[in-house]
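Chemist: The amino acid sequence is not available; the structure is as follows:
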């Protein structure tokens, strides 16, 4: 265990991304039924940076919030949040972290971009399904309120995650440009 730099890096990145998820949830644009937050940006970025290990901070974030630590949107917490209209999106975070993480392990920009798009779609699909289940709306109506208003923002978040991750990858481990 001593001297295991990869494990240390994963632990540090896990703590950083859990904090970013919480901060991203605090920065909110109120909308009904689901607010717009920066959490999805940080989920996507986490997948780009941590690859398959991105699922670790994502699952821990949901566990911490469920147990009562105020890390969900607008510093809320508890299992009730997962049962409300935002719960599906949060479960979609886990799927997105896996999709983006595995895609970013490839040395292909096209696969990375496809992973970011598919990860975003996974979040949206889980969210729309859960909105339908939790509110009784039809899938079509849930799609109209839980996906359509967020398309432009999602495109911006995909682009931002891609550009930020490219910049991080082009920077050496000592913080200097290659």
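Modeler: Structure's in. What do you need? Since this is a predicted model, take the numbers as computed values, not measurements. Numbering: from 1, shown residues only.
Chemist: Name the next helix or strand following the worst-scoring helix or strand of the chain on mean pLDDT along the chain.
Modeler: The weakest-scoring helix or strand in the chain, judged by mean pLDDT, DSSP states H and E, is strand 28-29 (a mean of 77). Following strand 28-29 in sequence order, the next helix or strand is strand 36-37 (DSSP states H and E).
Chemist: Please identify the pairing partners of that following strand and their relative orientation?
Modeler: Strands that pair with strand 36-37, judged by DSSP bridges, come out as strand 28-29 (antiparallel).
Chemist: Find out how far the least confident helix or strand of the chain is from the centre of the chain, if you would.
Modeler: 15 Å (CA atoms, centre = their mean, to the nearest Å).
Chemist: Likewise for stretch 73-92?
Modeler: Relative to its parent chain, stretch 73-92 has a centroid offset of 13 Å by CA atoms, centre = their mean.
Chemist: Quick one: end-to-end distance for that stretch.
Modeler: Stretch 73-92 has an end-to-end distance of 15 Å (CA to CA, to the nearest Å).
Chemist: contact partners of the least confident helix or strand of the chain?
Modeler: Outside strand 28-29, the residues that touch it by CB atoms under 8 Å, 6 or more residues apart in numbering are 35-37, 73-74. Backbone N, C-alpha and C define where each C-beta goes, glycine included.
Chemist: Tell me which two in these are the farthest apart.
Modeler: Within those, two members stand farthest from each other by CB to CB: 36 and 74, at 12.0 Å.
Chemist: neighbouring contacts of stretch 44-64?
Modeler: For stretch 44-64, the surrounding residues in contact (CB under 8 Å, 6+ apart) are 10, 13-15, 17-18, 20-22, 43, 71, 82, 90-91, 93-94, 96-105, 112, 115-116, 119-120, 157-158, 160-162, 164-165, 168.
Chemist: What are the boundaries of the helices in the protein?
Modeler: Counting by DSSP state H, the chain has helices at residues 5-26, 39-50, 55-66, 79-83, 87-103, 109-135, 139-146, 151-170.
Chemist: Which of the residues in the fourth one are classified as buried?
Modeler: Going by neighbour count (16 or more other CB atoms under 10 Å), the buried part of helix 79-83 is 81-82.
Chemist: and it, what does it pack onto?
Modeler: On a contact count with 3 or more CB pairs under 8 Å, 6 or more residues apart in numbering; DSSP states H and E, helix 79-83 meets helix 55-66, helix 87-103.
Chemist: Drop the exposed ones from the contacts of stretch 44-64 and show what's left.
Modeler: Buried members of the contacts of stretch 44-64, scored by 16+ other CB under 10 Å, are 13-14, 17-18, 20-22, 43, 71, 82, 90-91, 93-94, 96-104, 112, 115-116, 119-120, 157-158, 161-162, 164-165.
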